[in-house]
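the following comprises the amino acid sequence and a computationally predicted model.
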Number of protein chains: 4
Amino acid sequence: MALTEAQQQEIAAARAAEQRTLRPTVPALEAMLFQAIPVLDHGFIRVVDYMGDDAAVVQSARVSYGRGTRAVTEDRGLIRYLMRHRHSTPFEMCEIKYHVKLPIFVARQWIRHRTANVNEYSARYSILDREFYLPAPGQLAAQSSSNRQGRGSVLQGEEAAEVLRLLRQDAMTTYDHYAWMLNEDEAGGAPDPARQGLARELARMNLTLNTYTQWYWKTDLHNLLHFLSLRADAHAQYEIRVYAEAMMQTVEAWVPASAEAFRDYRLGAVTFSAGMLAIVRRMLAGEAVTQAGSGLSPREWRELMATLGREEG
Amino acid sequence: MALTEAQQQEIAAARAAEQRTLRPTVPALEAMLFQAIPVLDHGFIRVVDYMGDDAAVVQSARVSYGRGTRAVTEDRGLIRYLMRHRHSTPFEMCEIKYHVKLPIFVARQWIRHRTANVNEYSARYSILDREFYLPAPGQLAAQSSSNRQGRGSVLQGEEAAEVLRLLRQDAMTTYDHYAWMLNEDEAGGAPDPARQGLARELARMNLTLNTYTQWYWKTDLHNLLHFLSLRADAHAQYEIRVYAEAMMQTVEAWVPASAEAFRDYRLGAVTFSAGMLAIVRRMLAGEAVTQAGSGLSPREWRELMATLGREEG
Amino acid sequence: MALTEAQQQEIAAARAAEQRTLRPTVPALEAMLFQAIPVLDHGFIRVVDYMGDDAAVVQSARVSYGRGTRAVTEDRGLIRYLMRHRHSTPFEMCEIKYHVKLPIFVARQWIRHRTANVNEYSARYSILDREFYLPAPGQLAAQSSSNRQGRGSVLQGEEAAEVLRLLRQDAMTTYDHYAWMLNEDEAGGAPDPARQGLARELARMNLTLNTYTQWYWKTDLHNLLHFLSLRADAHAQYEIRVYAEAMMQTVEAWVPASAEAFRDYRLGAVTFSAGMLAIVRRMLAGEAVTQAGSGLSPREWRELMATLGREEG
Amino acid sequence: MALTEAQQQEIAAARAAEQRTLRPTVPALEAMLFQAIPVLDHGFIRVVDYMGDDAAVVQSARVSYGRGTRAVTEDRGLIRYLMRHRHSTPFEMCEIKYHVKLPIFVARQWIRHRTANVNEYSARYSILDREFYLPAPGQLAAQSSSNRQGRGSVLQGEEAAEVLRLLRQDAMTTYDHYAWMLNEDEAGGAPDPARQGLARELARMNLTLNTYTQWYWKTDLHNLLHFLSLRADAHAQYEIRVYAEAMMQTVEAWVPASAEAFRDYRLGAVTFSAGMLAIVRRMLAGEAVTQAGSGLSPREWRELMATLGREEG
């Protein structure tokens, strides 16, 4: 597991230090606070702070005073309306901060979401731990033959075993050499006093992309949901999707009405172009539309029929 | 004053609803929470939520676990180091949300700071109150003769009285016509059933720029300090500077070590170009440098001498 | 019209100064460059610079070298694919800069789009012109009775005449007083040497929100299309929609394939939630779905039936 | 060198296709356009498009019509004034787009600058080339003993040789295994028909951080100068500083007046806190100030004395 005993003691201490506050507070998220949710083989996410709740979304939508007196059902309706019509600014009024441990190749995808605040563990300044991601056997997938950025069937037998062996061996070898080049106590070995040791900012280049890093990552609810809509999606790479799914749990504890609206109107939603909508209307009116008569390209037609659950076209 | 009795009751209710939390909590800011700090004649700022504290800045700089065990003096030193060397990302880990009431011409300056979340009262949707800013007599300043965007001496006597009279009269007249055009109950008068009333989104165009609006404004500590460095500065227009100064009070309650470092290294700081620094070094070595021998333009030379407190040059 | 003779001469001079470049160049947009497209009674937009074209979108999607050799039809297909699947970063590789003259209340909506670069005419520094927006008679609409932020039927007869009279009179009176308070040559009158004149940064507060301002506004194609999807939409206020429509013309000249894809997949598009899609599938399968059996709220059901063109439900 | 013959032919073709434009055009930058400036052992930067020039900075500062008639010396003065007083928005009106080839560990630092548009070569979709960064012998530096994120003296003799050998060997071995796991034609070997091959999105995790990637990177002049102020600085890691220095050449060709002002007021500039400035004033007045009487901490005092060139203190 990803946490050392010292870290677990720190978390326990933080969880023991209860304070009084006048701020909006969410007991279901407080129950999770600081605790690591394991992801992949050595990674985790944990919520380290938050601001606001469902009512804060409503409050800023109303720019009203205080917490209001309206019933929760009305708040839920307003949140659903805001989500359905893509009114994004009220969702920006909530903020959350995560501590995340993740492989570097996942971090490289993740950082492309620019509207967030990040403090990453610095391998210029410090020494990375000897931890690297190795896929579980069920995730060792072949390249998809139909999708240039997807996975196909799971590798079997000897090929799978050899892939795993190479990934492990290369990560260990490159880490050993990293530690040797550093020639420092902290790197784990006994430093050779006859050698100077390579600068940390250089030695790190020998590590493989499955090495784990960690960061604090803070964003607002609107941008978090945008991140989740892309990364909790079935087309996202598995190794980032599992982080998104763990974060989704925290969102459901934190802002249940917003999370529900997000699931309904964003995660499972589909967008139809004007041309696609016209075809749906014609079909509902009883017309037998064909691709040839649809005005859509074959590819778009296939996408539409798949969406409508009419594979035969 | 800016708050109605109903609003004050809501604030009192919010302040009575204390909760328990495990999050970083700042008692000095809790003491201010929700309470309006008056600004100008009808405006205010009030903190409605916050996330993080000085220790959160330190924590993200260290990307360490838990709240750490280091002494406060070390934290203060690290915060000063981060501020002095413009390491901005740790300060992004704290967040604050304000409710602000302000004249529209001030809002137009303020909104130019793009790295913030905003929900403004909508005059498309609702009716603005009959409230407008009138400068106090000591603020009725003439155009500066030396600075195209500054103020000179205070207007006196009849001119001052006439300016104030015109500002008040025009604001009242345009508001009265706004209300008449709306022809709605909410606008205060008795609507004329024979008239339809103009759409709110159109009628608002008749209001003057000193009409008050309000918004929720949320940003992180780094961007807040950048805002304050520009708007709490002596060159900022008085009408926005007083908001910045009120916010500075809340920053001092919230993150005292960061606020102190900000005052030392940013608010009162000056930047010297390489050429200016070379002159300072020559002067310290005892040389009698003149503008002609300085390599600076006359304007830069004057700026430098003023900074060094040597007006004679 | 919005341009003075001096301005028109400058535009003519700029258009006469042809240069040679190796950059991607779009003749259809060059033909429009610098020329003002009139909007509202005194406003305009004009393109003052641009970077990239449809091929630059394709190029960055391929991160390929040079301009490629693929046929235009393939490029069009790739652009449509990128738009349909909301791959936004390739569209960020094109940039455009507008000079816009617009009423202040429109500028206040517009500036909420934060991902843009803006330089606005400063009324702290300079004196605004005596120009203000007055709606054409066909735009003097009543408040919508069904939509709190929409317009209903057009005002008629005496009410319409009186609204227009008030808007014109108040804009002129407040401008006259603004000029009197300034007491400057540039403000148009003969300054009274016995008076000091109020600072520009203060006097501006007396102007009404339909006064025209102007700015340079620069953004990338992705953010421009997002702006247009909101502001060229039927729900946008007419006074900003006409600006969006004028900009849409420039986008069609500039990046015709991207503009076409945007029209198809974004402007006319509708989004269905998972629940709504399930109902469409049931209806296509011949089931007579009712609101009661739909799982949708009455409001969502009405929205869905309207989208599907089945008003009766 | 980093470019294949095919790429060089494409660049030659692009450079042969001259167009006519009415846009601001900079001959000195046109002369560089598309051409790769080598950086490190296999990297490069090249300008692939740009918008605006020094005059565009001035124009937006004046929000004036056309290109103005003022003399160049006045424009230079205004640009220096804007830079000195940190008026940033006029510099946002110019935009530039680079194609960059760089090691992944450099890309990870670079991407932290969020205000830019990026399209990176996708190793989910495509196969990375067998190219990795190996430091030149003069760059194989030891860890600094005084600065946790700096370099000390250059490694010598056997240690240097062994470090280089390990870096090369590990990069080659991990790349060979990457290619083996892919089992694809494009990866260079003869695929084994009996194996499925690992998905590209997984296989990439075996590569080391000195593998080269590439991207299109586009930003405005203000944010570019901010990037350069951090990355062309002596404290930046050598491997990113050489990119910044190559970009600085392009900035000097593109916007010479802005580049000059940037060198004078930003690159070589120092910031003094209010407390430091007070000490400088006392010293200029002839007082012999000591650390004890300075009000500064020992560390700040040392920093100040070093800045003033008075090491003895």
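All right, it came through fine. Predicted model only: the values in this text are computed from it and were never measured. Numbering: from 1, shown residues only, chains lettered A, B, ... in the order given.

residue A:222 touches residue A:88, doesn't it?
Yes - the pair residue A:222 and residue A:88 passes the contact test of Cβ atoms under 8 Å, sitting 4.7 Å apart. In this view, the C-beta of every residue, glycine as well, is placed from N, C-alpha and C.

and the nearest residue to residue A:219 once chain neighbours are set aside, what pLDDT?
Nearest non-adjacent residue to residue A:219, counting by Cβ to Cβ, 6 or more residues apart in numbering or on different chains: residue A:116, 4.0 Å away. Here the pLDDT value assigned to residue A:116 is 94.

how many other residues sit next to residue A:116?
With neighbours defined by other Cβ atoms under 10 Å in any protein chain shown, the count for residue A:116 comes to 19.

out of residue A:222 and residue A:88, which sits in the busier spot?
A count of neighbours by other Cβ under 10 Å puts residue A:222 above the other of residue A:222 and residue A:88, at 21 against 16.

quick one, what contacts the more buried one?
Counting by Cβ atoms under 8 Å, 6 or more residues apart in numbering or on different chains, residue A:222 touches A:88-89, A:91-92.

identify the contacts common to residue A:222 and residue A:88.
Contact criterion Cβ under 8 Å, 6+ apart; residues shared by residue A:222 and residue A:88: none found.

mind checking what secondary structure residue A:87 has?
Secondary structure assignment for residue A:87 (DSSP: H, G, I helix; E, B strand; the rest coil): coil.

and for residue A:44?
Residue A:44 ends up strand, using three-state DSSP.

okay, and the beta partners of it?
Per DSSP bridges, the residues bridged to residue A:44 are residue A:38, residue A:101.

what is the neighbour count of it?
Using other Cβ under 10 Å: residue A:44 sits among 21 other residues.

I'd assumed residue A:35 was in contact with it.
No - the pair residue A:44 and residue A:35 fails to qualify as a contact (Cβ under 8 Å) at a distance of 9.2 Å.

hang on, residue A:207 packs against residue D:208?
Yes - between residue A:207 and residue D:208 there is a contact under Cβ under 8 Å: 6.5 Å.

pull up the overlap in contacts between those two.
Each of residue A:174 lies in contact with both residue A:207 and residue D:208 under the rule Cβ under 8 Å, 6+ apart.

between the two, who's got more neighbours?
More crowded of residue A:207 and residue D:208, by other Cβ under 10 Å: residue D:208, with 29 against 25.

just to revisit the earlier point, out of the contacts of residue A:222, which touch chain D?
Among these, no residue sits close to chain D (Cβ under 8 Å from any Cβ of the partner chain).

are any of those buried, and which?
Buried members of those, counted by 16 or more other Cβ atoms under 10 Å in any protein chain shown: A:88-89, A:91-92.

quick one: contacts for the nearest residue in space to residue A:138 that is not next to it in sequence?
Excluding its sequence neighbours, the residue lying closest to residue A:138 (Cβ to Cβ, 6+ apart) is residue A:154, at 6.1 Å. The neighbourhood of residue A:154, defined by Cβ under 8 Å, 6+ apart, consists of A:137-142, A:160.

kindly report the same for residue A:248.
So residue A:248 contacts A:228, A:232, A:259 (Cβ under 8 Å, 6+ apart).

rerun that using 6 Å as the cut-off
Going by Cβ atoms under 6 Å, 6 or more residues apart in numbering or on different chains, residue A:248 touches A:228, A:232.

which of the helices or strands spans it?
Using DSSP states H and E, residue A:248 falls within helix A:238-254.

buried stuff in that helix?
A:238-248, A:250-254.

low-confidence ranges in chain A?
A:1-2, A:64-73, A:148, A:311-313 (pLDDT under 70).

how close does residue A:213 get to residue A:165?
24 Å (Cβ to Cβ, to the nearest Å).

scratch that, residue A:305 is what I was asking about
44 Å.

next one: residue A:58
For residue A:58, the distance to residue A:165 - Cβ to Cβ - is 55 Å.

and for residue A:233?
32 Å.

and for residue A:302?
40 Å.

again, but for residue A:8
32 Å.

who's more crowded, these two?
residue A:8 (15 against 11).

mind checking the SS state of residue A:74?
helix.

burial check on residue A:32, number of neighbours?
By other Cβ under 10 Å, neighbour count at residue A:32 equals 18.

could you do residue A:300 as well?
Residue A:300, neighbours per other Cβ under 10 Å, totals 21.

can you point out the buried residues in the host helix or strand of it?
Assigned by DSSP H and E, residue A:300 belongs to helix A:298-307. Using 16+ other Cβ under 10 Å as the test for burial, helix A:298-307 gives A:300-301, A:303-305, A:307.

identify, from those, the entry nearest to chain D.
residue A:303 (19.4 Å; Cβ to the nearest Cβ).

the closest one - nearest residue in space that isn't next to it in sequence?
residue C:84 (8.0 Å).

how about the helices in chain A?
A:5-16, A:27-30, A:54-62, A:72-84, A:104-110, A:157-182, A:200-203, A:221-231, A:238-254, A:256-262, A:274-284, A:298-307 (DSSP state H).

pick the most deeply packed of these.
Across the helices of chain A, averaging neighbours per residue (mean count of other Cβ atoms under 10 Å in any protein chain shown) puts helix A:200-203 on top, at a mean of 25.

which residues touch that one?
By Cβ under 6 Å, 6+ apart, helix A:200-203 touches A:124, A:178, A:181-182, D:143, D:237.

coming back round to it: in strands only, show me the contacts of residue A:154.
Secondary structure from DSSP state E places A:141-142 of the contacts of residue A:154 in strands.

distance check, the nearest residue to residue A:89 once chain neighbours are set aside against residue D:95.
Leaving aside its chain neighbours, residue A:89 sits nearest to residue B:119 (5.2 Å; criterion: Cβ to Cβ, 6+ apart). Residue B:119 sits 31 Å away from residue D:95, going by Cβ to Cβ.

who has more neighbours out of these two?
Shown here are residue B:119 and residue D:95; by other Cβ under 10 Å, residue D:95 has more neighbours (28 against 22).

I'd like the distance between that one and residue D:25.
With Cβ to Cβ as the criterion, residue D:95 and residue D:25 are 14 Å apart.

what's the closest non-adjacent residue to residue A:76?
Closest residue to residue A:76 apart from its sequence neighbours, by Cβ to Cβ, 6+ apart: residue A:257 at 4.7 Å.

how near is the one you found to residue A:75?
7 Å.

swap in residue A:192?
65 Å.

any idea which of the buried ones among the contacts of residue A:222 is closest to chain C?
Closest to chain C, out of all of these and judged by Cβ to the nearest Cβ, is residue A:89, at 8.0 Å.

give me the distance between the two termini of stretch A:62-77.
End-to-end span of stretch A:62-77 (Cα to Cα, to the nearest Å): 13 Å.

beta partners for residue A:143?
residue A:151.

I'd assumed residue D:199 was in contact with it.
Yes - using Cβ atoms under 6 Å, residue A:143 is in contact with residue D:199, at 4.6 Å.
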